[in-house]
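Q: Here is a sequence together with a model predicted from it:
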Amino acid sequence: MRIIDEQFRTGPFHREALLTAGYSEKVLRGRRFRRLFPRVWVHVDHEMTEADWIAAARLAMPSDARVTGATRLRQLGIDVPAERLQFVVGRDLHLDLDGIDLHRTDRLPPCTAEGVSPAAAYVELCRYATVMAAIRIGDELLHQEHMTLLELRELVTTESWREGAAQARWVSRYLDPRSASPQESTCRARIVFAGLPWPVANLELRADGVVVAILDLAFPRWNAAAEYEGGHHQTERSQYLRDITRFADLRDLDIEYVQITKELARRPISMVVAIHTMLVRCGYDGPAPSFGATWRQLQEPIPTAVAGPTRRSSGEPASVWRRDRVRNGR
């Protein structure tokens, strides 16, 4: 029995590649290989990864097809649910393959050999995503510099006819590249869609020329902040000790704060009420939070022409907040 070359034992391959290497097609009829897609095979001992499945699908697709949507975003490391692999082709082509969705379009969006641009993949996602999911994913794409807001807005303007463009345009006003985690994005979205002032994400707080803290969600106008506390804040001793110092500094600077624990984050209405209570204590006299139709939009598909929250700034969108330490003994 002929020994199988490593390239055919360590990942998916096209039938033609096997034949070109001098093997007989009879090899594929034995027990050493299994078919993934038409003309695409893999060795039975190889454990398929997500990257392998995308590579296998590429081999099954025509050469002008490109990875798009959630599949493209997952290539970038974005945690997006995806039951099927998504590809797009710029012509009228019908292929029916298990596990693959092939979208057809009159013209391909901006793309490379790897797939459509991250902004184009995001537009495709917005076609069916909820408002909350689109905000979380959009923030992450911006924060990791896979795309920019300018790039996204130019794309949905020049290709406004594309499915998902209207939804992406609508949701883009709620994205923030300074948001450093999905949890921060979720908290900010809930604050905004409840009608409270827009917080500034990851604002650098300085006192006496020294960086005291990076505030997760700051309200400079009211000398207040909301700090998301992940599980590591309770389980890691070093983080716990840093938090003690950080919150002591905030008190020394006369800054009110709410600690958003995982438990509080799981009760979003209670979380928003706690933040509103803090703001009122700090002098906020605007509208109380509302949990009606606008709040419910977060869990619904992105609308294309429905009004959403109006920006009520919590202060200048600066990246640095300077405060003097309180000298009265507080």
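A: Sure thing, it's come through.

Q: Any regions of the stretch 201-330 of the chain where pLDDT drops low?
A: 230-243, 304-307, 310-330 (pLDDT under 70).

Q: That should have said the stretch 1-150 of the chain, apologies.
A: In the predicted model of the stretch 1-150 of the chain, residues 1 satisfy pLDDT under 70.

Q: swap the cut-off to 90 and go again
A: For the stretch 1-150 of the chain, applying pLDDT under 90 flags the ranges 1-4, 29-31, 81-83, 92-98, 114.

Q: residue boundaries of the helices in it?
A: 15-20, 50-60, 69-75, 118-126, 131-143, 149-158 (DSSP state H, counting those that start in this stretch).

Q: looking at these, which is buried most?
A: helix 118-126 (a mean of 28; mean count of other CB atoms under 10 Å). For every residue, glycine as well, the C-beta is placed using N, CA and C.

Q: Pull the distance from it to the chain's centre.
A: What separates the centre of helix 118-126 from the centre of its chain is 11 Å, taken as CA atoms, centre = their mean, to the nearest Å.

Q: rewinding a little: of all the helices of the stretch 1-150 of the chain, which one comes closest to residue 101?
A: Among the helices of the stretch 1-150 of the chain, the nearest to residue 101 by CB to CB is helix 69-75 (7.9 Å).

Q: What is the distance between that closest one and the centre of its chain?
A: With CA atoms, centre = their mean as the basis, helix 69-75 stands 11 Å off its chain's centre.

Q: Dump the helices of the stretch 1-150 of the chain into CSV; add distance to residue 169 as well.
A: Formatted as CSV, these follow (distance: least, CB to CB, whole Å):
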stretch, distance to residue 169
helix 15-20, 43
helix 50-60, 29
helix 69-75, 18
helix 118-126, 9
helix 131-143, 11
helix 149-158, 4
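
Q: Tell me which of those lies nearest to residue 30.
A: Smallest distance to residue 30 across the helices of the stretch 1-150 of the chain (CB to CB): 12.4 Å, for helix 15-20.

Q: I'd like to know which elements that closest one is packed against.
A: In this structure, helix 15-20 makes packing contacts with strand 40-43, judged by 3 or more CB pairs under 8 Å, 6 or more residues apart in numbering; DSSP states H and E.

Q: Convert the strand it packs on to PDB, retaining C-alpha atoms only.
A: Presented in PDB, the C-alpha positions along strand 40-43 are these (Å, rounded to 0.1, in the frame of the first residue of the first chain):
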ATOM      1  CA  VAL A  40     -13.200  17.700  -1.700                       C
ATOM      2  CA  TRP A  41     -11.800  15.000   0.600                       C
ATOM      3  CA  VAL A  42     -10.000  14.700   3.900                       C
ATOM      4  CA  HIS A  43      -8.100  11.800   5.600                       C
END
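
Q: roughly how far out does it sit from the chain middle?
A: 33 Å.

Q: Out of the helices of the stretch 1-150 of the chain, the one nearest residue 300 is which?
A: Closest approach to residue 300 among the helices of the stretch 1-150 of the chain (CB to CB): helix 131-143, 6.4 Å.

Q: between the closest one and helix 118-126, how big is the angle?
A: 170 degrees (axes from the mean of the first three to the mean of the last three CA atoms, to 10 degrees).

Q: what comes into contact with helix 131-143?
A: 73, 76, 78, 80, 118-119, 122, 125-126, 129, 147-149, 152, 167-168, 171-172, 174-180, 182, 184-186, 189, 193, 297-302 (CB atoms under 8 Å, 6 or more residues apart in numbering).

Q: one step back: can you tell which of the helices of the stretch 1-150 of the chain is closest to residue 267?
A: Comparison of these against residue 267 by CB to CB identifies helix 131-143 as nearest, at 15.8 Å.
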